[in-house]
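Peer 1: I'll drop the sequence and a predicted model, then ask my questions.
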Amino acid sequence: MPERSLLDVAKERYLGDFARLEADAPARRCSWTQGLRREALERFAAAGFPTPRQEAWRKTGILPILKTPFRTEAAGTSNGFTADEIGRYTFEPWECTHLVFVNGHYAAKLSRLRPLPAGVVIEPLSAALEARRDEIEPHLGRHAGLDGHAFAALNTAFMQDGVFVRIPDGVAVEEPIHLLFITNAAGGPVVLVRLTTRLTPTRKFPVVVGLNIWVSLTVPICCRADSTPSCLGLPNAGAVE
């Protein structure tokens, strides 16, 4: 199949998936995030996937991504994983908060939330979106840059879950925060998550991000009150705002 046709087929597949998710998840249609999702999808539809003809993608081929029929999921399950099975990836005996996500969705039964200093909030983004809208709305999807960035736009349109972190002024978080993202490759699920932070004025906290249960990397995040929050891409997973 010619490259152009493959680009079109892949784009149409994601546009169709968006419509399907809207039909399968009525609560999603009613959320304040739907306007942001639709805007991001329109940006993706207009830009399409990048090609080697674009300088930034001249040496990066995306054909394997286009050829893979990734599946988006409206709801999450533990998918057969148990706490015992993932125990070796949680850095025991570390005393810290563990948030586990399976195929892009928060798995409460596999997670462990420890007591935190007063004013500190660490919770799944799916729960925070409505309860903490005033804190999240001014920033969510505003720093990743959607124009001309197909994958950033797709992440925003389809974002499933993630983590919201708020650390107030004068408070330090000494324990690591472990975010473990588990992907079950069967059926080709696509994982689209976000890490949204609110740190004032200058705060550092240790975050350990485990991707696909095979790799773990430490990501120290620092955000100044007088600067624009940074956006870091997690490979094939999501973004930090």
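Peer 2: The structure has been received and is ready for your questions. Residues are numbered from 1 along each chain as shown.

Peer 1: List the buried residues for whichever helix or strand E42 is part of?
Peer 2: E42 is part of helix 33-47 when elements are defined by DSSP states H and E. Buried residues in helix 33-47, counted by 16 or more other Cβ atoms under 10 Å: T33, L36, R37, A40, L41, R43, F44, A45, A47. (Glycine included, C-beta is placed from N, CA and C.)

Peer 1: Quick one: residues contacting the residue lying closest to the fifth one once chain neighbours are set aside.
Peer 2: When you say that, I think you mean L41. Leaving aside its chain neighbours, L41 sits nearest to A157 (4.2 Å; criterion: Cβ to Cβ, 6 or more residues apart in numbering). Applying Cβ atoms under 8 Å, 6 or more residues apart in numbering to A157 gives the contacts F18, R37, R38, A40, L41, F44.

Peer 1: Output the helix or strand hosting A157 in CSV with nothing but the alpha carbons.
Peer 2: Using DSSP H and E, A157 sits within helix 150-158. Provided in CSV are the C-alpha atoms of helix 150-158 (Å, rounded to 0.1, in the frame of the first residue of the first chain):
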residue,chain,number,x,y,z
ALA,A,150,0.1,15.0,15.4
PHE,A,151,1.2,12.8,18.3
ALA,A,152,0.7,15.5,21.0
ALA,A,153,-2.8,16.2,19.5
LEU,A,154,-3.6,12.5,19.6
ASN,A,155,-2.5,12.2,23.2
THR,A,156,-4.7,15.1,24.2
ALA,A,157,-7.7,13.9,22.2
PHE,A,158,-7.5,10.3,23.6
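
Peer 1: got the angle between that helix and helix 33-47?
Peer 2: Interaxial angle, helix 150-158 versus helix 33-47 (axes from the mean of the first three to the mean of the last three Cα atoms, to 10 degrees): 150 degrees.

Peer 1: What is the neighbour count of E175?
Peer 2: Residues within reach of E175, counting by other Cβ atoms under 10 Å, total 15.

Peer 1: Now do the residue nearest to L41 against L15, distance only.
Peer 2: According to Cβ to Cβ, to the nearest Å, A157 and L15 sit 9 Å apart.
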